[in-house]
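# Just the structure for this:
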Amino acid sequence: MIPVITIDGPSGAGKGTIAQNVARQLGWHILDSGSLYRLTALACIQQQVDFSSENVIEAIARELPVRFESESYGLAIFLDNQDVSDAIRDEEIGMVASKVAAMGGVREALLERQRAFVAEPGLIADGRDMGTTVFPQARLKIFMTASCEERAQRRYKQLKEKGISVSLAALVADLKARDEQDSNRPISPLKPAADAVMIDTSDMSIDQVTQHVLDLAKQRFS
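Numbering: from 1, shown residues only. Predicted coordinates:
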């Protein structure tokens, strides 16, 4: 069986960075599942879709023209051959993506697409329900978290570095709202799998978390 490592957790916990680091170290493929919902949200906004029309959103998700390319600076994400790596990280897109992700038809449309990313020599799957719904048989499941304040600080720093002015208090409120929405949605709510390894990254460096996950992988797959 092709090995799969799932990394779930709330926004800003560091899942994406760690998934990319671990995939690079192991030479495995990577699935940024959250981007699929963000891409669906962006496509719907571009097409001015009524967000009460779940059937239309489902159809867009099923035919989403997306591809991932690993670059030296990170993961490049393309929608219909346009690099939207930065565009999908917009705060508005994130909130819309959470609403889209709560739609059963959309989740079903994207489920098989996510599973199709499994390929030799292995896959690192980053998301919110990778270990509970998409890859429940994965041999290593990680649930990564951090305090809301720490996650907001990280996001604040990222945006400031990009020259984007934002309120730290607003980011904290946004993350709390998103956590509430993700944790209480009726379909695939954000929660750790029963056999997940819990990692709180609040007081850990990126290198420390990366090494911890690599050590866990060595234990499970060697």
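# The protein: helices as residue ranges?
Taking DSSP state H to define them, one finds helices in the chain at 15-26, 33-46, 54-62, 91-101, 104-115, 148-161, 168-184, 206-221.
# out of those helices, deepest packed?
Of all the helices of the chain, helix 33-46 has the most neighbours on average by mean count of other CB atoms under 10 Å, namely a mean of 23. From N, CA and C alone the C-beta is placed, and that goes for glycine too.
# And for it, what's in contact with it?
When contacts are defined by CB atoms under 8 Å, 6 or more residues apart in numbering, helix 33-46 is touched by residues 15-16, 51, 57, 60-61, 64, 66, 68, 77, 79, 84, 87-89, 93-94, 96-101, 106, 110, 113-114, 125-128, 130, 134.
# can you state the direction angle for it and helix 15-26?
Angle, helix 33-46 to helix 15-26, by axes from the mean of the first three to the mean of the last three CA atoms, to 10 degrees: 130 degrees.
# helices and strands of the chain: which one bottoms out on pLDDT?
Lowest by mean pLDDT, DSSP states H and E among the helices and strands of the chain is strand 66-71, with a mean of 79.
# what helices or strands is that one leaning on?
Counting contacts by 3 or more CB pairs under 8 Å, 6 or more residues apart in numbering; DSSP states H and E, strand 66-71 packs against strand 29-32, helix 33-46, strand 74-79.
# And those: which comes nearest residue 9?
Among the helices and strands packed on strand 66-71, the nearest to residue 9 by CB to CB is helix 33-46 (10.3 Å).
# Need the CA coordinates for the closest one. CSV is fine.
As requested, the backbone C-alpha atoms of helix 33-46 are provided in CSV (Å, rounded to 0.1, in the frame of the first residue of the first chain):
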residue,chain,number,x,y,z
SER,A,33,-6.6,19.9,0.1
GLY,A,34,-7.6,23.2,1.6
SER,A,35,-6.6,24.9,-1.6
LEU,A,36,-9.2,22.9,-3.5
TYR,A,37,-11.9,24.5,-1.5
ARG,A,38,-10.2,27.9,-1.8
LEU,A,39,-9.9,27.3,-5.6
THR,A,40,-13.6,26.4,-5.8
ALA,A,41,-14.4,29.6,-3.8
LEU,A,42,-12.3,31.7,-6.2
ALA,A,43,-13.8,30.1,-9.3
CYS,A,44,-17.3,30.8,-7.9
ILE,A,45,-16.5,34.4,-7.1
GLN,A,46,-15.0,34.9,-10.6
